[in-house]
Each structure stands twice: as C-alpha cells, then as structure tokens.
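*Asks:* For reference, the sequence and a predicted model appear below.
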Amino acid sequence: MIVDKINEYLTGNPTAIEEVLQEASEIQRHIFNRQFMKEGGRGQYLGLSQAGRCPRQSAYQLLGFEHNGKEKDSRSKIVFYMGDVTEMMVYLLAKLAGCEIEKGGLNQERVSFKVGDKEVYGHPDGLYNGHLVEIKSMTSFSFKDFQKGIIEPSYLSQINTYLDALGLEKCIMIALNKDSGVLGEQIITKDPDIVAKAHDTLKLVLESTKEDLPKGWYSPDEKGFYPWNCLYCSYWKTCHEKAEKVLVKGKYKLKEGK
C-alpha cells in the first residue's frame, strides 16, 4: 500500500521538493536534540508504548524506583535515535511518493486510552486513508518473522491500544530491516482480546503501590537463566535480588544466584 509506492518512487526519478527538505531538517533537529542533547528521560511516566511490557517494570518506573539494572548507555541512545530516524525517513518518503501520512512527523496526535477512571496517553506515528500507521526498525531475524505476519507482542499491544483510542480497525505497520535496508508492510486488524489484555496490564500498573507491586512476567529457566527482557530492565537488581550477570559464550546473561 505505502511501501510499494515508496519503492516505486525511489527507483524512478526522485526530485527535490523544498517543503519536504525543510520538514526533514526540522524533524532531524528535533530528534537529534531529544536523544543526544537533553538530560534525563521520561521519569515517572506510563504511556501506551508500555501496554505490552512487564507490568512490574512499568510500576517501578511509574512509582519512581531507583535505576539499578540496565542503564541508558551510549549504545541505547543511538538505537533509540535510529528508530526515530527510521520513522522520519518513511514518513517523508511516503509524502514524496504521494502517500501523505496525516498527523505524522512533528504533528503527531496525542491519543488517550481509558483505563478505569484514568487515561493513558500515546502518540501514534500517523494516519493514512482511515488506517493507523506505525513504523518500526528491526533486525533481520525479527524482519523475517514480520514478513510471515509474526509480530512482536509488545508492538501488537501498542498498536491495538492506539486503534481502540482512535476508533479504528486496521493498522498499516511498516518495518525496516536495518541490516539490509528492505522495507516491509503488514495490515494488522484490531483484536479485542489484545485490547483487553493491554487494558488489564495498564490497570495493574496504575493500581500498584511500592508495597504492592504487580507480579513480573518472567522467571528463570531450568538452568537459572532469565530471558533477555530482564537483563535489559533498569530495575532487575530490585526485582531479582539474588540474580547476577554472567558471561556465557561471549555474551552476558542474567542468572539467578544462590
């Protein structure tokens, strides 16, 4: 739908459009400043991008627990920046290809998802022909699954809450294989079960206290190793007091201690 037109544009005779160049400059300035020149992160915050994340991790963040696990280092800052660059590139290329994505770029809409008597907010990447548009970058391994219609569950949770908040039924998800530069596209239809699970997950976080935290999603395997999700959590030392980082075949893993 969108990717075919982008590829057609890129293999044709691209032309410089001053309006698009100006917008590209403004967006680049914004994301460079946000990722590399501003201090701190979002702090005590809960957003729809966390709808598919371990509720215990989100509760630690919302309640202001101290970071004592994975920190936002130079590598992670670059990864987040490249995600922003991917979104900007696809948004602008779509415009050049004649597929103007509404409410994208620096004009993203703030949407709200009702959770009990509270609201959780998010910022979708844009809208096109009555469809939500979400843009992600991913590794070759994840992209291969994506092409088969296998979507990362956290992405599905985020997308479904956006669809529900906007009163829409379908999303055009565009993915960039950051290893090869190949673009792919899938149509995702709203799933009431995913919406309900996302609602319940966010509700657990909003109702949590420092004395009563949600149960974490992950536990160690038969050898005592936790999944990568725990190693990359900023609060793993609080959540798993006996766990420790160990080097296994040149890679760090999180293992339950004695």
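*Replies:* Cool, got the structure.
*Asks:* which residues touch residue 9?
*Replies:* 93, 96-98 (Cβ atoms under 8 Å, 6 or more residues apart in numbering). The way it works is simple: take the backbone N, C-alpha and C, and place the C-beta from them, glycine included.
*Asks:* ok, 10 Å please
*Replies:* 15, 93-99 (Cβ atoms under 10 Å, 6 or more residues apart in numbering).
*Asks:* Would you mind putting these into a markdown table with secondary structure alongside?
*Replies:* Formatted as a markdown table, the contacts of residue 9 follow (DSSP: H, G, I helix; E, B strand; the rest coil):
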| residue | secondary structure |
| --- | --- |
| 15 | coil |
| 93 | helix |
| 94 | helix |
| 95 | helix |
| 96 | helix |
| 97 | coil |
| 98 | coil |
| 99 | coil |
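*Asks:* What mean pLDDT does the helix or strand containing residue 27 get?
*Replies:* Element membership for residue 27 (DSSP states H and E) is helix 18-32. Averaged over helix 18-32, pLDDT sits at 96.
*Asks:* Who are the packing partners of the helix or strand following it?
*Replies:* Sequence-wise, the next helix or strand downstream of helix 18-32 (DSSP H and E) is helix 55-62. Helix 55-62 sits against helix 192-206, helix 236-239, with contacts defined as 3 or more Cβ pairs under 10 Å, 6 or more residues apart in numbering; DSSP states H and E.
*Asks:* how about a markdown table for these, with mean pLDDT added?
*Replies:* As requested, those are exported to a markdown table (pLDDT from 0 to 100):
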| stretch | mean pLDDT |
| --- | --- |
| helix 192-206 | 98 |
| helix 236-239 | 96 |
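*Asks:* Compare the ones you listed and report which one is nearest to residue 113.
*Replies:* helix 192-206 (7.4 Å; Cβ to Cβ).
*Asks:* rewinding a little: so can I have CSV of the helices and strands packed on helix 55-62 showing distance to residue 131?
*Replies:* As requested, the helices and strands packed on helix 55-62 are exported to CSV (distance: least, Cβ to Cβ, whole Å):
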stretch, distance to residue 131
helix 192-206, 17
helix 236-239, 38
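*Asks:* Is it possible to get those out as a markdown table so that each row also shows distance to residue 104 and mean neighbour count?
*Replies:* Formatted as a markdown table, these follow (distance: least, Cβ to Cβ, whole Å; neighbours: other Cβ atoms under 10 Å):
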| stretch | distance to residue 104 | mean neighbour count |
| --- | --- | --- |
| helix 192-206 | 23 | 18 |
| helix 236-239 | 35 | 19 |
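*Asks:* Between those helices, which one is closest to residue 212.
*Replies:* helix 192-206 (10.2 Å).
*Asks:* where does the residue sitting nearest the centre point of the chain land on pLDDT?
*Replies:* Centroid-nearest residue in the chain, with Cα atoms, centre = their mean: residue 49, separated by 5.6 Å. Confidence at residue 49, expressed as pLDDT, is 95.
*Asks:* ok, and the closest non-adjacent residue to it?
*Replies:* Counting by Cβ to Cβ, 6 or more residues apart in numbering, residue 49 lies nearest to residue 158, which is 5.4 Å off, once chain neighbours are set aside.
*Asks:* give me phi/psi at that neighbour?
*Replies:* When quoted as degrees, to the nearest 10, the phi and psi of residue 158 stand at phi -60, psi -50.
*Asks:* and it, what does it touch?
*Replies:* Counted by Cβ under 10 Å, 6+ apart, residue 158 has contacts 47-53, 122, 124, 134, 136, 152, 171, 194, 198.
*Asks:* Now restrict these to buried residues only.
*Replies:* 47-53, 122, 124, 134, 136, 171, 194, 198 (16 or more other Cβ atoms under 10 Å).
*Asks:* which among those residues gets closest to residue 108?
*Replies:* Distances from residue 108 to these, taken by Cβ to Cβ, are shortest for residue 124, at 6.6 Å.
*Asks:* Now do the closest one against residue 240, distance only.
*Replies:* Relative to residue 240, residue 124 is positioned 34 Å away (Cβ to Cβ, to the nearest Å).
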